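J.: output the structure for:
(4 chains)
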Protein chains: 2
Amino acid sequence: MGRSRTEGAAGVRERILAAACALFAEQGYDATSVQQVVDRAGVTKGGLYHYFGAKEDLLVEMYRTVFGERLAALDRILEQGRDPEWTLRAIIDDIVVGTAAMMTESAAVSRELAHMDSARTQRLQADWRRYQEAVRALIRDAQAAGVFAAVASPELVSWSIFGVTTTLHTWFRPDGPKRAEQIAHELADLVLTGLKSRP
Amino acid sequence: MGRSRTEGAAGVRERILAAACALFAEQGYDATSVQQVVDRAGVTKGGLYHYFGAKEDLLVEMYRTVFGERLAALDRILEQGRDPEWTLRAIIDDIVVGTAAMMTESAAVSRELAHMDSARTQRLQADWRRYQEAVRALIRDAQAAGVFAAVASPELVSWSIFGVTTTLHTWFRPDGPKRAEQIAHELADLVLTGLKSRP
DNA sequence: CTGTCAATACCGACCGGTTGGTATGTTGCA
DNA sequence: TGCAACATACCAACCGGTCGGTATTGACAG
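T.: Predicted structure coming up:
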């Protein structure tokens, strides 16, 4: 009777992930119980622990999704070998638009990033540092070559960019007046106007 | 025997607050138990619940400390009635230096800000919005008067500033190479170079 | 086409431990 | 004597996680 078992076979895992994602974004990781996740996903605890070894795995999975896409895009941009301005614009555009496109996942991840330092997440945090270092190196090299002005240090510039993206979920509304592309454009303009200024 | 009861009367409450503050910053609010707080503070649960009605009150108290100081400083800066550049520089300087000076409190607050939407924190969130709106209005007026360039919207500029300050705790080290004043200066330079550019 | 069987997908009751919070002292000072 | 300032013992609720069981499926044999 009712739906067959395999009908949603591919969907159950994803439904659990989507439910966990939404709840983590709303209430935070610790404040969300496994029971709440399975209730929203329409399964039971047994079902969840059939697919995931621990509650933490749900977060790790989101990390991988979010960082994986950004990191892949970064590599794609860098291997084009274009000039610093184009490259930095492309990076800002990708990270803002990409973050906005996965708003709930990104919100949960950036909210809970600091709560975790277990062995399992070290690899993910290393990826994140690699991303930041790539941006800093880009700016540092361009400043050394005289293409960018030394109006601010590479660290401060990258923190400004990542500060906007990691707090994006607190003020960005998909149905708001600003498109993600426009935000990326404005941020790039602000940063690059400073960076291109001649003393 | 030993120390008298009233000797540390003023100190017990503060010790509890300091312990909670450190633990919230280290592990997060939900991951910290009341028992851990009282253990570190050297008191018992009875003592804590004598001074605070609930665990949440500890967080609310930190909110008040952090926001209160910033808000008071903002008013002091605004009432000087100086030009937009001086005012914006003063605001950036205060929020960066002030946040760095209360690193653990600020870390706990910005980390757990979104976890709370209960009635008790609405007043605090309103204060925070007032702060943001003041900055936006400053930029908006200066842009309308032609003093600042419209290189980016007031919203984006304020998000850049607050993005840096709310994520400050993830990369700022008091014993690191950068002083807080220097970070504030760099951030102000970056933002204002963009804002003062002539097209 | 049918019967067998192992594997997969999923259920729901249950466990030990921990949680925030409280009820009831006890102590020192005014 | 009274009252603020704590300590101690304790609780009901809930936590993440486990486990024995069952329904469903696909592969294979006859």
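
J.: which other helices and strands contact the top helix by length along chain A?
T.: Using DSSP state H to define each element, chain A has its longest helix at helix A:119-144. Helix A:119-144 sits against helix A:55-78, helix A:84-101, helix A:154-166, with contacts defined as 3 or more Cβ pairs under 8 Å, 6 or more residues apart in numbering or on different chains; DSSP states H and E. Placement of C-beta: from N, CA and C, glycine included.

J.: how far off centre is it?
T.: Offset of helix A:119-144 from its chain centre (Cα atoms, centre = their mean, to the nearest Å): 14 Å.

J.: need the winner for burial among the helices and strands packed on helix A:119-144.
T.: Comparing these by mean neighbour count (mean count of other Cβ atoms under 10 Å in any protein chain shown), helix A:154-166 ranks first with a mean of 24.

J.: quick one: it to helix A:119-144, angle?
T.: What separates the directions of helix A:154-166 and helix A:119-144 is an angle of 130 degrees, with axes from the mean of the first three to the mean of the last three Cα atoms, to 10 degrees.

J.: what are the contacting residues of helix A:154-166?
T.: Outside helix A:154-166, the residues within contact range by Cβ atoms under 8 Å, 6 or more residues apart in numbering or on different chains are A:92, A:95-96, A:99, A:110, A:113, A:132, A:135-137, A:139-140, A:143, A:187, A:191, A:195, B:156, B:159-160, B:162-167, B:171, B:178, B:183, B:186-187, B:190.

J.: any idea how far A:L58 is from the closest residue to A:R140 other than its chain neighbours?
T.: In space, and not counting its chain neighbours, A:R140 is closest to A:P154: 4.4 Å by Cβ to Cβ, 6 or more residues apart in numbering or on different chains. As judged by Cβ to Cβ, to the nearest Å, A:P154 and A:L58 stand 35 Å apart.

J.: report the buried residues of stretch A:15-35.
T.: Neighbour counts over stretch A:15-35 (16 or more other Cβ atoms under 10 Å in any protein chain shown) mark A:15-32 as buried.

J.: of these, list those near chain B.
T.: Among the buried residues of stretch A:15-35, the residues that sit close to chain B (Cβ under 8 Å from any Cβ of the partner chain) are A:Q27, A:G28, A:Y29, A:D30, A:A31.

J.: between these, which is nearest DNA strand D?
T.: A:D30 (7.1 Å; Cβ to the nearest atom of the strand).

J.: tell me the mean pLDDT over stretch A:181-199?
T.: For stretch A:181-199, mean pLDDT rounds to 93.

J.: in CSV, list the C-alpha atoms belonging to that stretch.
T.: Listed next in CSV are the C-alpha coordinates belonging to stretch A:181-199 (Å, rounded to 0.1, in the frame of the first residue of the first chain):
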residue,chain,number,x,y,z
GLU,A,181,25.5,39.6,-9.3
GLN,A,182,24.9,43.3,-8.4
ILE,A,183,26.3,42.8,-5.0
ALA,A,184,29.4,41.1,-6.4
HIS,A,185,29.8,43.9,-8.9
GLU,A,186,29.6,46.6,-6.2
LEU,A,187,32.0,44.8,-3.9
ALA,A,188,34.5,44.4,-6.8
ASP,A,189,34.1,48.0,-7.6
LEU,A,190,34.7,49.1,-4.1
VAL,A,191,37.8,47.0,-3.6
LEU,A,192,39.3,47.5,-7.0
THR,A,193,38.8,51.3,-7.0
GLY,A,194,40.9,51.4,-3.9
LEU,A,195,43.4,48.9,-5.3
LYS,A,196,43.8,50.7,-8.6
SER,A,197,44.2,54.2,-7.1
ARG,A,198,47.4,56.0,-8.0
PRO,A,199,49.0,58.0,-5.2
